[in-house]
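Chemist: Got a predicted structure here, sequence first:
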Amino acid sequence: MELAITLFLFCAIVATAIAITTIRSLFAVVMLSGVISLLSALLFVLMDAVDVAFTEAAVGAGISTVLMLGTIALTSRTQKDIKRNNLIPLAVIILTGLVLIDGTLDMPSFGAPDSPAQTHVGAAYIARTADEIHIPNIVTAVLASYRGYDTLGEVTVVFTAGLGVVLLLGGMGARSRKRRQEEEG
């Protein structure tokens with residue numbers, strides 16, 4: 001059942017990406033980009049990476065969508081016609097995809113018990129956490145202590161992005177008020 005859900009989500013992401021390439025409305029493109037971020041967050045949840053899923057939903061679907069909508073509000077709502085050859089970008093994308101697929105061929109299977117994460121780091125965390133950190137939840141201990149600087153960095157990125165959105169929206173409101181005052185007076 002989990003495999004079927006994963007395949008459905010991957011197919012939905014590919015279908016949404018194809019739809020994005022054919023749509024001329026930038027508003028629809030922004031909304032579909034948010035949909036891709038939400039579908040990606042669902043995939044992360046299926047892989048038991050809830051912290052990554054939360055960050056993807058907050059930054060990818062939330063903050064990025066708001067920033068792109070703000071950009072559309074300041075520019076145009078439709079894509080301008082540009083005549084150019086699309087074969088070179090298509091070739092670059094296909095080549096990049098092939099290189100990425102080739103790079104994953106020698107990786108261990110997802111959740112394989114003989115992978116380095118399961119045999120080296122994971123076992124060390126399980127064995128040492130109770131004595132070193134004195135936190136009963138191993139995931140919390142890893143995120144808060146062993147990877148504390150990394151977690152702090154992630155929180156700082158999300159906070160900075162949120163602050164940027166608040167400042168952007170606040171500035172847009174001030175511009176709207178100024179425009180209305182100029183029109184009235």
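Modeler: Yes, it's here. Numbers count the residues shown, from 1 in each chain.

Chemist: Can I take it that S109 is in a strand?
Modeler: No - with DSSP: H, G, I helix; E, B strand; the rest coil as the criterion, S109 is located in coil rather than a strand.

Chemist: Nearest residue to it in space, ignoring adjacent ones along the chain?
Modeler: The spatially closest residue to S109, leaving aside those adjacent along the chain, is S115, at 7.7 Å (C-beta to C-beta, 6 or more residues apart in numbering). Quick note: C-beta positions are derived from backbone N, CA and C, even for glycine.

Chemist: from memory the one you found sits against V121, does it?
Modeler: No - S115 is beyond contact range of V121, at 10.0 Å (criterion: C-beta atoms under 8 Å).

Chemist: quick one: the helix or strand harbouring V157 to chain centroid distance?
Modeler: Element membership for V157 (DSSP states H and E) is helix 148-184. Relative to its chain's centre, helix 148-184 lies at 19 Å (C-alpha atoms, centre = their mean, to the nearest Å).

Chemist: same question, stretch 88-99
Modeler: For stretch 88-99, the distance to the chain centre is 21 Å (C-alpha atoms, centre = their mean).

Chemist: I72 contacts L26, doesn't it?
Modeler: Yes - I72 is in contact with L26 according to C-beta under 8 Å; the separation is 5.3 Å.

Chemist: what touches both of the two?
Modeler: Contact criterion C-beta atoms under 8 Å, 6 or more residues apart in numbering; residues shared by I72 and L26: none found.

Chemist: one step back: state the number of residues packed around the residue nearest to S109.
Modeler: Neighbour count of S115, defined by other C-beta atoms under 10 Å: 15.

Chemist: Also Q181?
Modeler: 9.

Chemist: Whatever helix or strand L43 lives in - what's its average pLDDT?
Modeler: Using DSSP H and E, L43 sits within helix 26-46. Averaged across helix 26-46, the pLDDT comes to 91.

Chemist: same check, this time on stretch 83-94
Modeler: 85.

Chemist: Dump it to CSV, restricted to CA.
Modeler: Once non-C-alpha atoms are left out, stretch 83-94 reads as follows in CSV (Å, rounded to 0.1, in the frame of the first residue of the first chain):
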residue,chain,number,x,y,z
LYS,A,83,10.9,32.7,-29.4
ARG,A,84,13.9,30.5,-28.8
ASN,A,85,15.2,27.0,-29.2
ASN,A,86,14.1,24.7,-26.3
LEU,A,87,16.3,21.8,-27.3
ILE,A,88,19.4,22.9,-25.4
PRO,A,89,17.6,23.3,-22.0
LEU,A,90,15.8,20.0,-22.6
ALA,A,91,19.1,18.3,-23.3
VAL,A,92,20.7,19.8,-20.1
ILE,A,93,17.7,18.6,-18.0
ILE,A,94,17.9,15.0,-19.5
